[in-house]
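Colleague: What follows is a predicted structure for the sequence shown.
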Amino acid sequence: MDPNTILKMKEGAMGMAWLWMTCLIGVASSLEEILLDTTSETSEIGWTAHPPTNGWDEVSVLDDRKQLIRTFEVCNVAVPGQNNWLRTHFIERRGAHRVHIRLRFSVRDCASMRTVASSCKETFTLYYNESDTDVPTKEHPEWYEGPWSKVDTVAADESFSQVDSTGKVVKMNVKVRSFGPLSKRGFFLAFQDSGACMSLVAVQVFFYKCPAVVKGFASFPETFAGGERTSLVEAPGTCVPDAEEASSTGSSGVRLHCNGEGEWMVAIGRCACRAGYEPADDEKICKACVTGTFKASVGDARCSPCPTHSYSSTPGSSECRCLTRYYRSSSDISDAPCTSTPSAPRDLSYEIIGSNVLLTWRLPKDLGGRKDVFFNVVCKVCPAGFLGPCVHCRDSVQFEPRQNGLTESRVQVSNLLARVQYVFEIQAVNLVTELSTDAPQYASINVSTSQSVPSAVPMMHQVSRTMSSITLSWPQPDQPNGIILDYQLRYFDKSEDEDNSFTLTSETNMATISNLSPGKIYAFQVRARTAVGYGPYSGKMYFQTLVGGERSEMVQDRLPLIVGSALGGLAFLVIAAIAILAIVFKSKRRETPYTDRLQQYITTRGLGVKYYIDPSTYEDPNEAIREFAKEIDVSFVKIEEVIGSGEFGEVCFGRLKPPGKREYTVAIKTLKAGYSDEQRREFLSEASIMGQFEHPNVIRLEGVVTKSRPVMIVTEFMENGSLDSFLRQKEGQFSVLQLVGMLRGIAAGMRYLSDMNYVHRDLAARNILVNSNLVCKVSDFGCQDFWRMMPQIQHTRGPWVVRSLFAGLPQRQYSIANSHPQVTSGALGL
């Protein structure tokens with residue numbers, strides 16, 4: 001190809017460059033820092049080309065806005081062996097670790113040109129060379145690959161083959177390449193052409209950086225991106241005003257990381273608004289709590305209105321102050337409501353038993369907003385006729401259970417002198433009483449030990465009943481202390497409040513109560529009166545009227561049935577006793593050492609045997625606890641691990657160290673603070689039942705803790721848990737003899753309960769517990785409703801241990817579908 005042809009082709013390409021339109025995007029984002037931009041250059045750029053001629057040329061063209069722009073072109077496609085270089089001037093990196101290059105260029109399609117060499121290319125190569133000095137020459141850096149670092153060979157996605165009628169370029173390419181990490185002061189860029197017909201329209205050199213930002217109540221400075229694509233550059237943060245570090249990771253400092261694209265990510269630690277301030281403006285600032293509100297701790301919570309009986313008078317309060325005569329105890333949290341002292345106890349009464357006095361009362365009408373009410377007893381001796389000042393009782397006077405800090409609404413005073421006038425004051429106090437300047441409120445009563453009223457009526461009997469009436473009779477008090485003038489009967493509907501009771505006076509020990517509702521259960525109490533006055537009421541007893549359609553009942557009508565049933569029952573007991581003796585005799589002859597080690601299955605019963613007493617028949621549930629359960633000093637109990645918890649209580653594994661005995665493991669049920677009286681009564685009723693049983697095949701109650709918080713029930717710890725899960729885990733590992741031995745142990749426990757006149761009502765494998773010696777014991781004596789109020793049990797020692805302590809829970813909460821344990825349950829019913 002002659003030189004004229006080559007010249008014409010080059011002139012044609014240069015002419016088309018004037019018609020190319022560009023749509024260059026100006027970088028306005030704060031994430032890009034521009035190092036070089038030829039987009040808006042109108043004067044000579046002055047880059048160095050090699051060779052100086054017949055290679056890269058710098059030309060001016062008009063864009064769409066008819067403004068001149070500078071471009072670089074090369075189009076020596078007719079001559080093979082092209083090696084044309086274009087080098088930029090020195091570019092300072094200005095702290096950048098990795099540099100990005102945005103290239104806008106067009107390439108002519110080799111196939112669209114007729115006279116081209118076979119070496120025609122549609123690509124070019126990009127290089128860079130780092131340098132600490134800006135001293136380039138026409139020959140340095142050298143014009144070959146050696147001193148240069150290759151970035152990439154850039155190929156066009158689209159090439160053009162002709163120019164449209166308006167002279168616009170048909171195809172335009174935009175490519176972005178990057179290189180790094182950089183360590184020297186700056187660098188040069190070089191573009192190598194190896195035989196392409198192209199135009200380099202614009203070159204932008206930039207780097208990314210993460211902008212200054214406020215995030216999570218912390219401000220972070222502008223940070224350069226790292227030297228690699230995957231680099232993460234750490235930036236320290238500073239908490240905004242009125243915020244402080246609230247990191248829970250244990251690491252110090254608040255940090256963000258800037259990635260290779262100039263984006264923030266991977267936050268470590270965080271800041272939070274301090275007490276008295278709340279988040280605002282999308283977690284950018286912390287705003288002071290307004291007057292009347294507060295925030296007690298560091299965090300993202302909003303300010304809350306002051307609790308009851310408290311106020312805040314300044315913005316930014318972290319605590320609300322109590323109003324006059326209202327207080328917070330040392331155990332109250334800072335955001336708890338302010339409370340006051342209780343009012344005086346109500347309905348203080350007494351019962352004289354010899355030289356002892358039993359004082360009873362009701363809770364104060366106003367508890368001061370608290371539940372931790374206690375009672376103190378003040379005893380005074382007064383001269384006859386109160387003619388002189390009263391003095392405190394001597395130290396020999398005793399109070400049961402104690403004189404101060406009573407949680408029960410009763411106390412028995414003993415060692416009193418006969419024929420002495422006493423004044424008893426019952427003070428109501430709580431945990432804020434010591435903070436008040438006022439004396440505790442109290443109720444007082446005068447008691448003379450010379451007085452003697454009848455003792456309580458021991459019991460009542462139902463003589464007959466109809467749909468609207470009940471006839472009752474009762475014996476004379478054990479200690480009438482004079483002539484009984486009459487009896488006062490008090491009754492009320494069990495489903496209603498005791499305050500809505502009615503009274504009836506009878507001159508005999510029998511009375512008919514009329515105008516009752518059909519099918520209703522009523523509570524009855526009776527007391528005797530002498531010339532001295534009324535004695536105490538008997539315990540509550542419950543009787544029900546007939547439902548419509550039932551036949552009227554009288555004791556005389558049922559006498560033959562009662563006598564026949566008694567004789568039949570006696571015959572059955574004789575036969576059962578003979579059978580048990582035969583079994584015992586045979587088992588003693590054939591019993592193996594292994595069964596000796598398991599347990600003694602059959603128990604004998606002699607004279608003076610106890611019978612089960614339902615705790616619900618006690619007017620005061622605490623009396624049942626005192627009678628059947630042993631009070632344990634809380635210092636003897638050590639809780640080692642909480643193995644189950646819920647809304648109202650927890651189950652724990654712990655140890656018991658009684659005085660003078662070895663320490664041993666126990667299971668501990670605790671009642672959380674904030675319980676109601678009904679929940680406490682139901683919780684302790686299980687202990688009142690368990691405390692009546694003493695058998696090697698019945699779960700043993702160690703004692704209760706009721707004189708401190710939390711309230712606890714302590715039982716023996718059964719290592720192998722419930723029988724159903726134990727058999728499932730050890731399936732196929734026991735012999736028939738071992739299984740029969742377990743069955744005999746369960747039968748012995750149930751026989752004992754039956755002899756105690758206790759009906760279990762829920763015998764199942766899930767309610768049988770197994771200890772480390774494979775001894776089976778019957779459990780679950782109530783409190784089921786209480787534990788069903790605990791829906792979210794968190795197991796920490798495995799489901800079998802929790803099962804052993806939650807014997808009263810429904811089986812569906814723990815059992816897995818499997819027939820084997822239920823077969824065992826069926827066998828137990830036999």
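Modeller: Thanks, I have the structure now. Numbers count the residues shown, from 1 in each chain.
Colleague: bridging residues for Phe524?
Modeller: Beta-bridge partners of Phe524, counted by DSSP bridges, are Tyr491, Met541.
Colleague: Can I take it that Ala111 is in a strand?
Modeller: No - under DSSP: H, G, I helix; E, B strand; the rest coil, Ala111 sits outside any strand and is assigned helix.
Colleague: Excluding covalently adjacent residues, which one is nearest to it?
Modeller: Using CB to CB, 6 or more residues apart in numbering and skipping residues adjacent in sequence, the residue nearest Ala111 is Ser161, 7.4 Å away. To be clear about C-beta, it is placed using only N, CA and C from the backbone, and glycine gets the same treatment.
Colleague: and Phe636, backbone torsions?
Modeller: phi -80, psi -10 (degrees, to the nearest 10).
Colleague: ok, now which ones touch it?
Modeller: Residues counted as contacts of Phe636 (CB atoms under 8 Å, 6 or more residues apart in numbering) are Leu656, Lys657, Pro658, Pro659.
Colleague: ok, now how distant is the first one from Phe105?
Modeller: What it means is Leu656. Leu656 sits 87 Å away from Phe105, going by CB to CB, to the nearest Å.
Colleague: and what of Asn415?
Modeller: Asn415 sits 112 Å away from Phe105, going by CB to CB.
Colleague: neighbour-wise, which of these two wins?
Modeller: Phe105 (23 against 13; other CB atoms under 10 Å).
Colleague: all helices in the chain, in order from the N-terminus.
Modeller: Per DSSP state H, the chain carries helices over the ranges 3-19, 555-590, 593-598, 621-628, 677-690, 723-729, 736-755, 784-788, 799-805, 819-829.
Colleague: got the buried residues for the longest strand seen in the chain?
Modeller: Counting residues, the longest strand in the chain under DSSP state E turns out to be strand 197-210. Buried residues in strand 197-210, defined by neighbour count with 16 or more other CB atoms under 10 Å: 197-210.
Colleague: distance between that strand and the chain's centre?
Modeller: 57 Å (CA atoms, centre = their mean, to the nearest Å).
Colleague: Please apply the same query to stretch 613-631.
Modeller: The answer for stretch 613-631 is 34 Å, by CA atoms, centre = their mean.
Colleague: Span of that stretch from start to end?
Modeller: Terminal residues of stretch 613-631 lie 19 Å apart, using CA to CA, to the nearest Å.
Colleague: mind listing which of the contacts of Phe636 are in strands?
Modeller: Within those, residues falling in strands by DSSP E are Leu656.
Colleague: are any of the contacts of Phe636 buried, and which?
Modeller: Buried subset of the contacts of Phe636 (neighbour count, 16+ other CB under 10 Å): Leu656.
Colleague: Determine which two of the contacts of Phe636 are furthest apart.
Modeller: Maximum pairwise distance in the contacts of Phe636, criterion CB to CB, is 11.0 Å, between Leu656 and Pro659.
Colleague: packing partners for the longest strand of the chain?
Modeller: Strand 197-210 is packed against helix 3-19, strand 32-37, strand 68-75, strand 99-107, strand 186-193, strand 223-224, strand 255-258, with contacts defined by 3 or more CB pairs under 8 Å, 6 or more residues apart in numbering; DSSP states H and E.
Colleague: Nothing else from me, thank you.
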